[in-house]
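Undergrad: Structure, please.
(2 chains)
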Amino acid sequence: MTTAATSTAKVAADAAGGSLRFYGVWLIGIVVLIVLPMIFSSGGSLTSFSLIGIAIVFALSYNILLGQTGLLSFGHAVHYGLGGFAACHMMNAVVSHGWPIPLPFIPLFGGLGGLMFAMIIGWVMTKRAGTVFAMISLGIGELVASSSLILRSVFGGESGITTDRTALPKLLGWSFGPQLQVYYLIAFWLVLSAIAMYALTRTPLGRICNAVRDNPERVQFIGYDPHVVRYIAFCFAGFFAGIAGGLAAINFEIANSAYLGAIQSGLVLFSTFIGGTAFFFGPILGAILVTYLQLGLTNLTTAWQLYFGIIFIGIVMYAPGGIAGLLMMHRPLIRAGTLWTVIPSYLVAIVPTVALACGVILAIETVARFSGGDAINLFGIAFNPTSPVTWIAAAVLVVGGFVVARLTWRRIAEAWDRAGTVARDRGYLA
Amino acid sequence: MSGAVSGKGAAVEVRAVEKRFGNVGIIRDLNLSVAEGERHAIIGPNGAGKSTTFNLISGHIAPTSGEVKLNGDVISGLRPFEINRRGLSRSFQVTNVFARMTVWENVRCAVLWATGHRYAFWKNVDSLPEVRERTARILDDIHLTHRRDVPAGLLTYAEQRELEIGITIASGATVVMLDEPTAGMSHAETDRAVSLIRRLTEGKTLVIVEHDMSVVFGLADRISVLVYGHIIASGTPEEIRRDPKVKEAYLGEEAH
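TA: Predicted coordinates for the structure are as follows:
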């Protein structure tokens, strides 16, 4: 009994120390969101930040399924898209009926749109997990996406449903015409949704979701129906995806079939997985990275989807925990004070790895631009895709980079082994 | 049935249960009665249907015919979680924990339904005092307090077996069923596990499947012998030792 009492006291003490750090992280996040547009105030960055905010809400909602409940969905954009359509219809209804609902409340209706569809379709979908769920989600995704082109009165056909966010009643003098005001609206909903979704992971339901993810069979023998657990998780994921869709509708002032489709569903899976599903902040990192890549790469190269694919394969094969997993791997080393022993091996590995990456880029761009003949501009150096010199350079970089890089990667593994052993010896799990 | 406890006062009662997979009858005319507060062991050779019996009682599979009663109510045909909510909890022969969650989370999840928190998504799971206390007490009971923050998948085998028992008793079920809890353990670990089981199932009804005869005869108030899906004898350890059918079918030299 005394041990139980001390352990309870320890829990309380841990909770007190942890909560300070915990609120600190959230506060920093909020401050960053407020300050960001003051530092980067160009129209381009405001647009990027807005898109990233939407992508984060969407990816976090997806991780309720993938990371927390173990449900792989190929059709999550359905809720995002329906949320977007719900928001557009609501905005138009507010304007035409003169209802006193200002714009900042609209994302809630997007959320309700996503939730409603999840509630209707979810019970059947979540009966089984695994492949069955994945296949049904793919089917439902395609079904809704193709319906959106057929049911014109609801989805507006090819052109979609347009709306005018500035026509809604003003709130505190904000018209939400300028992108800055839209950014703050998105940031507000991002904070609200992120806190709500984080809180969800700390509830009895959230923990049982994890249990269903780990072992749905055993869950039945501790009193829970895994089907009900999956269903509730699915509804929450649909709700928050709907909020993201509502924000997108406000941002673009349009909802169309592209919101609902397989590409959008693939993109959110991609962001969430690259970011890392095992940690709450993983999808946030993934959404930031993927949105930036998407915005940046589409301007630079026509082969941007190929790069996405290569990154995705690389993460799946070498870092299944995603970026968050890679970062958190180092936590025991930091605690044990052995991080410095692996850093040199990283630094050594950078040069050949970058050379290898450059070679791959050069090779891809050579193939992509061969017929067009556009020059490849890599770090300020222009390469002619039809010249054998470029081909040889690419081959040398790929082969040479790979051979040398492999040696340096092995050194990283050895340094890790040593550092990990020390960390384990000092009582930090690695 | 020699010496079978009659219907009244039986915590678990299995009546004329059959289980067929296609044409193959795995369980034939199974009758079993476990009195309230009794420690009842089911023994039998490999493939006799011991685990299937467990699965039939706990709702993992439904009987083809016959019925299972828990405290007088028919439970056959109910889903496992419905049976669990009525106060019957079971462990698994192959360790069956929540591998990516910590030891603490494993036990706490098993406490949540019984403490009435169910599917709550409006409560902070860390600030539920009765859940915290109960989880801490169970961790203390199974001697895993010092491992509370370790993912269950990283525990040693013996520790996982103890956690398995912890999860099983966490809900406070009145009927506890343990499927070979000491399988694969060393002598010292087995002794520890037996005293753990004895202590944790104090005042509860225990049904246990076990291969280790010293565990069975040391722990059980009554023993049932299952051979080819049928109970050939049921009685006190002394009666089982003396039963000629049992000697012939199963115990052989071990019975003396």
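
Undergrad: pLDDT of stretch A:84-103, averaged?
TA: The average pLDDT within stretch A:84-103 is 94.

Undergrad: How about stretch B:119-137?
TA: 95.

Undergrad: Just checking the distance from it to the centre of its chain.
TA: 26 Å (Cα atoms, centre = their mean, to the nearest Å).

Undergrad: just the CA coordinates of that stretch, formatted as PDB?
TA: C-alpha atoms of stretch B:119-137 as PDB (Å, rounded to 0.1, in the frame of the first residue of the first chain):
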ATOM      1  CA  TYR B 119     -16.500   6.100 -23.800                       C
ATOM      2  CA  ALA B 120     -16.100   9.400 -22.000                       C
ATOM      3  CA  PHE B 121     -14.500  12.100 -24.200                       C
ATOM      4  CA  TRP B 122     -15.100  15.000 -21.800                       C
ATOM      5  CA  LYS B 123     -13.000  13.800 -18.800                       C
ATOM      6  CA  ASN B 124      -9.300  14.100 -18.400                       C
ATOM      7  CA  VAL B 125      -8.100  10.500 -17.900                       C
ATOM      8  CA  ASP B 126      -5.200  11.700 -15.700                       C
ATOM      9  CA  SER B 127      -7.500  13.400 -13.200                       C
ATOM     10  CA  LEU B 128      -9.700  10.500 -12.200                       C
ATOM     11  CA  PRO B 129      -8.600   9.700  -8.600                       C
ATOM     12  CA  GLU B 130     -10.300   6.400  -8.300                       C
ATOM     13  CA  VAL B 131      -8.900   5.200 -11.600                       C
ATOM     14  CA  ARG B 132      -5.400   6.300 -10.600                       C
ATOM     15  CA  GLU B 133      -5.600   4.700  -7.200                       C
ATOM     16  CA  ARG B 134      -6.900   1.400  -8.500                       C
ATOM     17  CA  THR B 135      -4.300   1.300 -11.200                       C
ATOM     18  CA  ALA B 136      -1.500   2.100  -8.800                       C
ATOM     19  CA  ARG B 137      -2.800  -0.600  -6.400                       C
END
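
Undergrad: Is chain A within reach of it?
TA: Yes. Counting by Cβ under 8 Å from any Cβ of the partner chain, chain A is contacted by stretch B:119-137 at B:119-126, B:128, B:132-133, B:136-137. C-beta coordinates here come from the backbone N, C-alpha and C atoms, glycine included.

Undergrad: again, but for stretch B:98-106
TA: Yes. Stretch B:98-106 reaches chain A (Cβ under 8 Å from any Cβ) through B:98-101, B:105.

Undergrad: Which of the residues of stretch B:119-137 next to chain A fall in helices?
TA: B:132-133, B:136-137 (DSSP state H).

Undergrad: quick revisit: return the closest of the residues of stretch B:119-137 next to chain A with respect to residue B:47.
TA: residue B:137 (38.7 Å; Cβ to Cβ).

Undergrad: a markdown table please, covering the ones in helices among the residues of stretch B:119-137 next to chain A and showing neighbour count.
TA: Formatted as a markdown table, these follow (neighbours: other Cβ atoms under 10 Å in any protein chain shown):
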| residue | neighbour count |
| --- | --- |
| B:132 | 21 |
| B:133 | 15 |
| B:136 | 25 |
| B:137 | 20 |
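
Undergrad: thinking again about what came up before, may I see the residues of stretch B:98-106 next to chain A organised as TSV, with pLDDT and secondary structure added?
TA: Output for the residues of stretch B:98-106 next to chain A, formatted as TSV (pLDDT from 0 to 100; DSSP: H, G, I helix; E, B strand; the rest coil):
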residue	pLDDT	secondary structure
B:98	96	coil
B:99	95	coil
B:100	94	coil
B:101	96	coil
B:105	96	helix
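
Undergrad: So which of the residues you listed is the closest to chain A?
TA: residue B:98 (4.0 Å; Cβ to the nearest Cβ).

Undergrad: Make sure the closest one is actually in contact with residue A:209.
TA: No. With contact defined as Cβ atoms under 8 Å, residue B:98 does not reach residue A:209; the gap is 11.2 Å.

Undergrad: Between these two, which contacts overlap?
TA: Overlap of the contact sets of residue B:98 and residue A:209 (by Cβ atoms under 8 Å, 6 or more residues apart in numbering or on different chains) is empty.

Undergrad: what's the residue in the stretch 1-150 of chain B positioned nearest to chain A in contact with, if anything?
TA: Residue of the stretch 1-150 of chain B nearest chain A, by Cβ to the nearest Cβ: residue B:113 (3.2 Å). By Cβ under 8 Å, 6+ apart, residue B:113 lies in contact with A:222-224, B:84-85, B:171.

Undergrad: Show me the domain layout of chain B.
TA: Structurally, chain B divides into domains by automatic domain parsing as follows: B:1-87+B:175-192+B:203-256, B:96-172.

Undergrad: Equivalent analysis for chain A, please.
TA: Taking automatic domain parsing as the reference, chain A has its domains at A:1-35, A:40-315, A:331-425.

Undergrad: and those, which is most packed in?
TA: Most buried of the domains of chain A, by mean neighbour count (mean count of other Cβ atoms under 10 Å in any protein chain shown): domain A:40-315, with a mean of 21.

Undergrad: wait, does that one make contact with chain B?
TA: Yes. Interface with chain B: domain A:40-315 contributes A:199-200, A:202-208, A:210-211, A:213-215, A:217-225, A:228-229, A:232, A:236, A:278 (Cβ under 8 Å from any Cβ).

Undergrad: Tell me which entries of the residues you listed lie within helices.
TA: A:199-200, A:204-208, A:210-211, A:213-214, A:217-219, A:228-229, A:232, A:236.

Undergrad: Could you export the contacts of residue B:113 to a markdown table, including columns for pLDDT?
TA: Shown next, in a markdown table, are the contacts of residue B:113 (pLDDT from 0 to 100):
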| residue | pLDDT |
| --- | --- |
| A:222 | 96 |
| A:223 | 95 |
| A:224 | 96 |
| B:84 | 96 |
| B:85 | 96 |
| B:171 | 91 |
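
Undergrad: can you list the domains of chain B in a markdown table and add distance to residue A:251?
TA: Formatted as a markdown table, those follow (distance: least, Cβ to Cβ, whole Å):
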| stretch | distance to residue A:251 |
| --- | --- |
| domain B:1-87+B:175-192+B:203-256 | 43 |
| domain B:96-172 | 29 |
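
Undergrad: So residue A:94 is in contact with residue A:101, correct?
TA: Yes. Between residue A:94 and residue A:101 a contact is recorded at 4.9 Å, counting by Cβ under 8 Å.

Undergrad: Mutual contacts of these two, please.
TA: Overlap of the contact sets of residue A:94 and residue A:101 (by Cβ under 8 Å, 6+ apart) consists of A:168-169.

Undergrad: circling back to that earlier point, by mean pLDDT, show me the worst of the domains of chain B.
TA: Lowest mean pLDDT of the domains of chain B: domain B:1-87+B:175-192+B:203-256, a mean of 88.

Undergrad: ok, is it in contact with chain A or not?
TA: Yes. Applying Cβ under 8 Å from any Cβ, one finds domain B:1-87+B:175-192+B:203-256 touching chain A at B:58, B:79-81, B:84-85.

Undergrad: Buried only: go through those residues for me.
TA: Buried by 16 or more other Cβ atoms under 10 Å in any protein chain shown: B:58, B:80-81, B:84-85, out of those.
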